[in-house]
Every structure is written in structure tokens, then in C-alpha cells.
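Student: sharing a sequence plus its predicted fold:
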Amino acid sequence: MLKGKTILIGVTGSIAAYKAADLASRLMKQHAQVHVIMTENGAKFVSPITFETLTGRKCITDTFDRNYPSDHPIEVEHISLAKKADLVIVAPATANIIAKMACGIADDMLSTTLLACTCPVLVSPAMNTHMYEHPATQANLDILRARGVKIIEPASGHLACGDEGKGKLPDPAFLVDCILAKIACPKDLAGKKILVTAGPTCEAIDPVRFITNHSSGKMGYAIAQAAALRGADVTLVSGPVSLAPPLGVRLVKITSARDLFAAVTAVSESQDIIIKAAAVADYRPAAVSDEKIKKADNDLSILLARTEDTLQYLGSHKPEGQILCGFAMETSDMENRARIKLKKKNLDMIVANNVKVAGAGFGTDTNVVTFITQDTTEQLEIMSKESVAMKLLDRLIVL
Ligand code: CTP
């Protein structure tokens, strides 16, 4: 997602500097060009060689570093890096670098480069709770916020100094999400409201048992994340899954088909696009036992009653201009059956997949889908669910 992007990581003198190595590695995996500048104190916690090995680039620590090969054109390094960067993240950021940034002090390579940067800047403070909460640090952070710098709230927990409280550097995966949210995609869905449903529903039989399905929620979560990265205002209505909530998305957790119907219809009217990737139960036990059902010698039948079909409801109450997209998971005669659902539920598009096709099953990281509209059928190759999500949004924008 960061192919072609140059990201500069500023590492300062905090014990959390070791987590910046993980950040650099994760950004490399997203195909970013990663440069690292360390302050002198930062380099006391982690060796610059760690970053050089991870990024394949020289880690810079000194403003007057003149160690160029003889044929290297002479560059003013802090200016050339500042010009090259698509984004700078200072992680971990000490109280000292925050104060220097707020005052415009430029007395080493990192602070000098930061002053020369015109790209988006993220600052991820990591320090003792009292230092973080000190009015001086808070005032400096306010100054930076007012200048458009994005401050990433530190996490709370046990700190290296022995105190408990706010001041931990967040998980590097979260820092990557913050970077993606800033620069990964063009914001072509800004101003659009998108509702996505994801995951399975669970229909109670008794206090200990329920009926559900194999949906992992990965497809719906990938769509919600992609829409948020593209600037949309995203509501994600999700059944029980074990996935982390996507960054920048309003998450509404539900359990049953009845909950899903209530959560979706509460907000559906104001949405520009609704994408229903959830695997909703078509039937629920007609009666839910208050007590655990005890086994007996004979067989047991459970009478099932129909649930509400939320997508059917949305299709018959669709406001002018709203785009409605359903999913159809089939095991045979996929295109035909999906087309019947498209028509019956009054959809603008349906994403069909055959659960029996390799790479398209539940819980996989890939999918093999066909986009079907009234007049078109477009079969996609096997690809990651993230790529399917991006392509789906591209198609819905055209619609
Ligand atoms: N759907 C829904 N409410 C239901 C059942 C399904 O909103 N009670 C939605 C799903 O989220 C999906 C689409 O309808 O977007 C199609 O779901 P699917 O289970 O494939 O189709 P059904 O209409 O339930 O038909 P069948 O199970 O017979 O294939």
C-alpha cells in the first residue's frame, strides 16, 4: 500500500526506540522507501546498524555526516531528505524533541530535517506519564496540533520506569495504520457515508449454544478499512469475529440477525453506499430455552423460524441515489443464483463467490469474486481480500 512512498522515521532517546525497528520492518513490507534519522540519544538505545539492515539504507545520526562515496553528488542531506519524504513519523518522540519542534529549534539532523519538511508529520510521544502530562509537554503538543501535526496518543500500561499510566509507544502495527490512513490512498470517497456489514451472526438455542456459520469477517473488515483509507465516513456493523477493528471506522457490534437488522436500519437511510458482506442467518430457533437443554435418549429437533432479510428490506426501501451492494456465497450455479438475488433484492451490484473454489473459502486471506450488475459480469482473478475491497470500491464509485 506504500509503494513509491518515501517515509522518514525519526527515532529519539526513549526505551521504546526498539519498537521503531519493528515499525521500519513493517513499512518495508508495505514497499515504502524507508529512511531513518536517529538523535544521538536514540542511537544509545538501538544501534543504527539495526535500521541500516532493515531498510538497506544508511541511518543518519549527524548533521555534518560527510561520509559520501567519492562519486556521490554532494547533497545537503537534511534538505534533500525533507524534500523526498511523503511523510515523517517521529516514533518514539521524547518530550525534548516535541519541545524542540514546538520552538523551531534545529540543532541536530532530526530537528533540522523536521524544520525543513513540508509533508505530513506524525508524532508518537513515548515517555514517563508525568513528563507526558506536564503542562509544558501538553502545551507543546497543542502547538504542534495547531500546526497540523498529527499526534498519536500514547498507550497506557506498565512503563519501563516502573510507573503505570499513559506514555507507552503504541503497537507498531497501529503506527502503520496511522501512516496508511494519512498517505496510502487518494481520498476519493471523502464526504461519502458507507455502511459495511461483516462476519457471522449467532442465533441462540439456549444459554450455552447457538447456530452460526464459518464467516471470519475478513472480507467485510477489508472493505471497511479500504473505504476509511479512501476518506469515507464508515460504519461497520459486525457479528462476533476475532479481528482488530479497522482504524478510523465506527464499529457497531451485533450478535444475531435481529440485532443486525436493527443496527443497519437505524442508519441506512443516510448512507451513500451500503455493502452487505455479513453472512446472516436465514433461520433462528423459533424458541430460545431459558435453561440449558438437557440431553435425553431420543433425538432432538429444533424448530427454526425465518429471520428478517435485512438486504431485502434495504432494497425495497432504497432512497434515491443510494448504492446497494450485496454478497452471494454459493456452492453451485453461482452466477445465475447471484443474478436472481440481485434482481429480487433490488441491488445495484452483487459480489458472487463460490465457496468450493480454491482461495475463495471462509477464513482465507484471498477471494475469487465476480462483480455482477444488471448489465455486466466481471470475473476477477484470485487476489487478497484487501485488493478485492479496493476493486469493489472502484466499481461502486463508477456506479
Ligand atoms: N442477507 C441479509 N439478511 C439475511 C440473509 C442474507 O441481509 N437474513 C444478505 C447478506 O448479507 C448478503 C445477501 O443477503 O449480502 C445474500 O446472502 P445469501 O445468504 O447469499 O443469500 P440469501 O438471500 O440468504 O439466500 P440463500 O441463503 O438461500 O442462498
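Tutor: Received the coordinates, thanks. It should be emphasised that the depicted structure is a prediction, and the values quoted were computed from it without experimental measurement.
Student: who touches H130 in this structure?
Tutor: Contacts for H130 (Cβ atoms under 8 Å, 6 or more residues apart in numbering) come out as D163. For every residue, glycine as well, the C-beta is placed using N, CA and C.
Student: so it lies in a helix, does it not?
Tutor: Yes: assessed by DSSP: H, G, I helix; E, B strand; the rest coil, H130 belongs to a helix.
Student: gap between the residue nearest to K344 when sequence neighbours are not counted and the ligand?
Tutor: Distances taken as Cβ to Cβ, 6 or more residues apart in numbering put Q312 closest to K344, at 7.3 Å, once the chain neighbours are dropped. Distance of Q312 to the ligand, given as Cβ to the nearest ligand atom, to the nearest Å: 7 Å.
Student: Q312: neighbour count?
Tutor: 15 (other Cβ atoms under 10 Å).
Student: just checking, it is part of a helix?
Tutor: Yes: remark: Q312 belongs to a helix, assigned using three-state DSSP.
Student: I figured it was touching K343, is that so?
Tutor: No: in this structure, Q312 is not within contact of K343 by Cβ atoms under 8 Å, at 11.6 Å.
Student: what's the overlap in contacts for those two?
Tutor: By Cβ under 8 Å, 6+ apart, Q312 and K343 have no common neighbours.
Student: find the nearest non-adjacent residue to whatever residue of the stretch 101-250 of the chain ends up closest to the ligand, please.
Tutor: Closest residue of the stretch 101-250 of the chain to the ligand, Cβ to the nearest ligand atom: T197 (5.9 Å). Nearest residue to T197, sequence neighbours excluded (Cβ to Cβ, 6+ apart): A278, at 3.7 Å.
Student: then N367?
Tutor: Nearest non-adjacent residue to N367, counting by Cβ to Cβ, 6+ apart: V388, 4.9 Å away.
Student: pull up the residues of the protein that are close to the ligand.
Tutor: Applying Cβ under 6 Å from any ligand atom, we find that the chain lies next to the ligand at 197, 257, 276, 278, 280, 282, 307, 309-311, 326-329, 341.
Student: swap in 8 Å and give it another go.
Tutor: Contact residues, the chain versus the ligand (Cβ under 8 Å from any ligand atom): 197, 257, 260-261, 264, 276-282, 307-314, 325-330, 337, 341, 344-345, 350.
Student: closest to the centroid, which residue in this structure?
Tutor: Centroid-nearest residue in the chain, with Cα atoms, centre = their mean: P246, separated by 3.8 Å.
Student: those helices in the protein, which residues are they?
Tutor: Along the chain, counting by DSSP state H, helices occupy 17-29, 42-45, 48-55, 77-84, 95-103, 109-116, 129-133, 135-146, 172-183, 218-229, 257-267, 310-316, 334-344, 385-398.
Student: these into a markdown table, with extra columns for distance to D206?
Tutor: As requested, these are arranged in a markdown table below (distance: least, Cβ to Cβ, whole Å):
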| stretch | distance to D206 |
| --- | --- |
| helix 17-29 | 44 |
| helix 42-45 | 55 |
| helix 48-55 | 53 |
| helix 77-84 | 62 |
| helix 95-103 | 55 |
| helix 109-116 | 60 |
| helix 129-133 | 47 |
| helix 135-146 | 52 |
| helix 172-183 | 38 |
| helix 218-229 | 28 |
| helix 257-267 | 17 |
| helix 310-316 | 25 |
| helix 334-344 | 32 |
| helix 385-398 | 34 |
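Student: and T212, which of these is closest to it?
Tutor: Minimum separation from T212 across the helices of the chain (Cβ to Cβ) falls at helix 257-267, 10.8 Å.
Student: and the average pLDDT for that closest one is what?
Tutor: Averaging pLDDT along helix 257-267 gives 98.
Student: which elements pack onto it?
Tutor: With contacts taken as 3 or more Cβ pairs under 8 Å, 6 or more residues apart in numbering; DSSP states H and E, helix 257-267 sits against strand 193-198, strand 233-238, helix 310-316.
Student: between helix 218-229 and the second one, find me the angle.
Tutor: Think strand 233-238. 160 degrees (axes from the mean of the first three to the mean of the last three Cα atoms, to 10 degrees).
Student: can you name the residues that contact D22?
Tutor: With contacts defined as Cβ under 8 Å, 6+ apart, D22 is in contact with P172.
Student: also L229?
Tutor: Shown in contact with L229 (Cβ under 8 Å, 6+ apart): 1, 180-181, 184-185, 248.
Student: any idea what sits nearest it, other than its immediate chain neighbours?
Tutor: Taking Cβ to Cβ, 6+ apart, and ignoring the residues beside it in sequence, L229 has C185 as its nearest neighbour in space, at 4.6 Å.
Student: so the one you found touches A232, yeah?
Tutor: No: between C185 and A232 there is no contact under Cβ under 8 Å: 10.5 Å.
Student: tell me which of the two has more neighbours.
Tutor: Between C185 and A232, counted using other Cβ under 10 Å, A232 has the larger neighbour count: 25 against 18.
Student: state the distance from that one to D188.
Tutor: Noted for A232: a distance of 9 Å to D188, by Cβ to Cβ, to the nearest Å.
Student: now I302
Tutor: Noted for I302: a distance of 48 Å to D188, by Cβ to Cβ.
Student: who has more neighbours, the two?
Tutor: I302 (15 against 12).
Student: distance of that one from A352?
Tutor: Counting by Cβ to Cβ, the separation of I302 from A352 is 30 Å.
Student: tell me, how many residues neighbour the residue lying closest to I183 once chain neighbours are set aside?
Tutor: Nearest non-adjacent residue to I183, counting by Cβ to Cβ, 6+ apart: L87, 5.1 Å away. Residues within reach of L87, counting by other Cβ under 10 Å, total 23.
Student: can you check C119 too?
Tutor: Neighbours of C119 (other Cβ under 10 Å): 17.
Student: my read: it touches L81, true?
Tutor: No: look at C119 against L81 with Cβ under 8 Å: they stay out of range, at 10.6 Å.
Student: outside of the helix-or-strand element of the chain with minimal mean pLDDT, which residues touch it?
Tutor: Lowest on mean pLDDT, DSSP states H and E among the helices and strands of the chain sits helix 77-84, with a mean of 84. With Cβ under 8 Å, 6+ apart as the test, helix 77-84 has contacts from 6, 8, 35, 37, 60, 63, 65, 109, 112-114, 116-119.
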